[in-house]
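> Fold the following for me, if possible:
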Amino acid sequence: MEEEGVKIIVVTFVVAIGIIIVLLKVISHFTGGRSSMVMPLLFLALVGIVGYMYMRHTLGAIHTSGSMEDSRRMINSLFRTARAVAEKHYRSTGVRFQQTENDEQYAILIIQEPNLPRVADADDANRIFFPFVAMIRKPFNLTSKIAIASQDTDNRVSIIFSPAGTLSKRWVMMKANPKLANDRLYGPLGVFDEETVGHLSDTSFYIYERDQLEAADNKQEYFRTLKSVYIKPDGVAIFR
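Numbers count the residues shown, from 1 in each chain. I've put the predicted structure just below:
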C-alpha cells in the first residue's frame with residue numbers, strides 16, 4: 001500500500017513538472033520572458049496536485065482494506081486513533097466491529113456521548129449501559145475475506161479506551177449520533193443501528209478467514225483453534 005502511494009506521488013510529480021514547463025513556455029511567449037511572478041503560483045499548484053493525489057490514495061486505502069495484513073494494519077491504526085482521541089477529549093472512545101446482513105465486516109470509531117441518557121438494564125438495575133455514537137458517518141470496510149468475533153463468537157465487538165488511554169471494560173449501547181443527522185447510523189448500509197440491548201466491551205477478540213470457517217466441519221471447534229488477539233496498554237493489537 002505504501003509503495004503504491006509512493007509510485008502515485010512520483011508519477012504525479014513528473015507529470016506536473018511537465019505541465020509547468022509547458023505553461024512557463026506559453027507564459028514566457030506572451031509576456032516576453034517576464035514570468036518570474038508566476039513561478040510561486042505554479043509551485044503551489046504543483047504541491048497541491050501532489051498532495052491531493054496522495055491523500056486520495058491514502059484515504060481510499062484506509063476505508064477499504066484488501067488483505068488480512070492490510071486489515072491488521074488498519075485495526076491497529078484505528079486503535080491508536082481511538083486511544084489518542086480518548087486522552088485528548090477525556091471521553092471514553094473506541095472501535096466497534098460489526099457485520100452487515102451480507103456478512104461484510106466493518107469497523108467504526110465510536111465515542112461516549114455525555115448528552116444522551118444512560119440506560120439501566122431491565123434485568124439488572126446495577127448494570128448501566130453507556131451510550132456511544134459513531135464519530136464519523138462512513139464505516140471502514142476491512143475486507144470480505146476476514147471477519148471478527150468476540151470470545152463468545154458474537155460478531156459485535158467493541159474495544160473501549162478510557163479517558164486515561166487505558167483499555168476499559170464498559171457496558172456499551174450504540175445510539176444514533178444526532179450530529180450526523182441520520183435516523184440510522186449508516187442509512188442503507190444498516191451497519192450500526194441503534195441498540196435496545198447493549199453488551200459488555202471486549203479486551204480481546206478473534207480475527208479469522210471466512211473460507212476456513214465455512215470449510216470447518218465443527219465451527220465451535222474451529223474457534224477453539226484460534227488464538228485471541230490481545231490489545232497492549234499502548235493500544236497496539238498483538239496478532240498471533
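
> Per-residue pLDDT of residue 51, please?
Note for residue 51: predicted pLDDT of 52.

> next structured bit after the helix or strand containing residue 110?
Here residue 110, judged by DSSP states H and E, is contained in strand 105-112. Toward the C-terminus, strand 105-112 is succeeded by strand 119-120 as the next helix or strand (DSSP H and E).

> Look at residue 61 and report its pLDDT.
40.

> Same check on the one 5 residues further on?
At residue 66 the predicted local distance difference test score is 57.

> repeat for residue 78
pLDDT, residue 78: 92.

> Just confirm it contacts residue 109, I think it does.
Yes. Counting by C-beta atoms under 8 Å, residue 78 touches residue 109, with 6.4 Å between them. Just so you know, the C-beta spots here come from the backbone N, C-alpha and C atoms, and that holds for glycine as well.

> between the two, who's got more neighbours?
Taking other C-beta atoms under 10 Å, residue 78 and residue 109 do not tie; residue 78 has more neighbours (23 against 18).

> A strand includes the more buried one, no?
No. Counting by DSSP: H, G, I helix; E, B strand; the rest coil, one finds residue 78 to be helix, located in no strand.

> which of the residues in the strand holding residue 110 are buried?
Buried residues in strand 105-112, defined by neighbour count with 16 or more other C-beta atoms under 10 Å: 105-112.

> Pull the residues that contact it.
The contact list for strand 105-112, computed with C-beta atoms under 8 Å, 6 or more residues apart in numbering, reads 74-75, 78, 81-82, 85, 89, 91-100, 130-136, 139-144, 146-148, 158, 172, 174, 185, 189, 191-192.

> Only C-alpha atoms, please: export that strand in CSV.
Output of strand 105-112 as CSV, limited to C-alpha atoms (Å, rounded to 0.1, in the frame of the first residue of the first chain):
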residue,chain,number,x,y,z
GLN,A,105,-17.0,-6.8,8.1
TYR,A,106,-17.0,-3.1,9.1
ALA,A,107,-15.3,-1.1,11.8
ILE,A,108,-16.2,2.4,13.1
LEU,A,109,-14.7,4.8,15.6
ILE,A,110,-17.1,5.4,18.5
ILE,A,111,-17.2,7.8,21.4
GLN,A,112,-19.3,8.1,24.6
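
> What strands line up against it, and which way round?
Counting by DSSP bridges, the strands paired with strand 105-112 are strand 93-99 (antiparallel), strand 128-134 (antiparallel), strand 140-141 (antiparallel).

> Please name whichever of those strands is nearest to residue 236.
strand 93-99 (12.9 Å; C-beta to C-beta).

> one step back: and for residue 78 and residue 109, which residues touch both?
residue 95.

> Confidence-wise, which helix or strand of this structure is lowest on average?
helix 38-63 (a mean of 51; mean pLDDT, DSSP states H and E).

> And residue 113, what's its pLDDT?
At residue 113, pLDDT is 90.

> Can you pull out the low-pLDDT segments for this structure?
1-66, 180-193 (pLDDT under 70).

> And the strands in it?
93-99, 105-112, 119-120, 128-134, 140-141, 146-149, 157-161, 167-168, 171-174, 199-200, 204-209, 229-231, 237-238 (DSSP state E).

> Got the domain ranges for the chain?
2-62, 67-238 (automatic domain parsing).

> Can you mark which positions in stretch 116-126 are buried?
116, 119.

> Ends of that stretch, what's the gap?
In stretch 116-126, first residue to last residue: 19 Å (C-alpha to C-alpha, to the nearest Å).

> follow-up on the earlier one: which one of the buried residues of strand 105-112 sits closest to residue 238?
residue 107 (17.6 Å).

> Give me the nearest residue to the closest one, chain neighbours excluded.
Excluding its sequence neighbours, the residue lying closest to residue 107 (C-beta to C-beta, 6 or more residues apart in numbering) is residue 140, at 4.6 Å.
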